[in-house]
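In: sequence unavailable; structure follows:
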């Protein structure tokens, strides 16, 4: 057995992904995954310094899912007016392949503050009328992931979602009624109903070193 196959079997055994799951298709909601380790202060069982942060590494993420996934789709909200965001889209497509990357424009929602509400932070903006607001950037791919998962049902035995979003409960229940298995990779707390809608739940902490790298803050 070569090193790659050894790692593949080791990872699958440690995560309890056995042969009964058959062909697995992974669907990665990158906005959700990107926040998994935002508040973590440890990496490889060691405390990280104040000038370091834990970043999802696209190449490591791709190599990891390839160990057990027959096909992987990744969903990313793109800010078309931001060159860094466009560069990131290019990087995702280069690493994962153009055909499996789904993108759409971020929604920019203005959150205005209530009277008496505490206001602070470097991201606060002021509109033309002088009212302070916080711009919330959001991009929901629940519909796109659900449609893709249903369209491709005949090609996989197990639906694997990288997201702890409770909105996938309905999809998970539907797929299980169609004799599909469901695996959830989640970061942090998820609802009881979401837990009950899956056959296997894997905590992001179990795979942190497999999909991240330490980076110095700029």
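Out: Received, thanks. This structure is a prediction, so every number in the text was calculated from the model and none was measured. Numbering: from 1, shown residues only.

In: tell me how many other residues crowd residue 92.
Out: 24 (other CB atoms under 10 Å). Yep, even glycine has a C-beta here, placed from its N, CA and C like the rest.

In: leaving out the residues flanking it, which one is nearest to it?
Out: Once flanking residues are discounted, residue 92 sits nearest to residue 101: 5.2 Å by CB to CB, 6 or more residues apart in numbering.

In: roughly how far does that neighbour sit from residue 141?
Out: 12 Å (CB to CB, to the nearest Å).

In: hey, what's in contact with both of the two?
Out: Shared contacts of residue 101 and residue 141 (CB atoms under 8 Å, 6 or more residues apart in numbering): residue 75.

In: which of these two has more neighbours?
Out: residue 141 (24 against 20).

In: skipping its backbone neighbours, what lies nearest the more buried one in space?
Out: residue 75 (4.0 Å).

In: partner strands of the helix or strand that contains the one you found and their direction?
Out: Assigned by DSSP states H and E, residue 75 belongs to strand 71-78. Using DSSP bridges, the strands paired with strand 71-78 are strand 24-29 (parallel), strand 101-105 (parallel).

In: following that strand, which helix or strand comes up?
Out: Using DSSP H and E, the helix or strand that follows strand 71-78 in sequence is helix 83-96.

In: what about that following helix, distance to the chain center?
Out: Here the centre of helix 83-96 is set off from its chain's centre by 16 Å, with CA atoms, centre = their mean, to the nearest Å.

In: stretch 185-199 now?
Out: Using CA atoms, centre = their mean, the offset of stretch 185-199 from its chain centre is 14 Å.

In: ok, and the closest non-adjacent residue to the residue nearest in space to the middle of the chain?
Out: Nearest residue to the geometric centre of the chain (CA atoms, centre = their mean): residue 33, 2.8 Å. Sequence neighbours aside, residue 162 is the residue nearest to residue 33 in space, at 5.2 Å (criterion: CB to CB, 6+ apart).

In: tell me the pLDDT at that neighbour?
Out: Residue 162 carries a pLDDT value of 97.

In: surely it and residue 27 touch.
Out: Yes - between residue 162 and residue 27 there is a contact under CB atoms under 8 Å: 7.0 Å.

In: gap between the residue nearest to residue 197 when sequence neighbours are not counted and residue 38?
Out: In space, and not counting its chain neighbours, residue 197 is closest to residue 172: 3.7 Å by CB to CB, 6+ apart. Remark: distance between residue 172 and residue 38 (CB to CB) = 25 Å.
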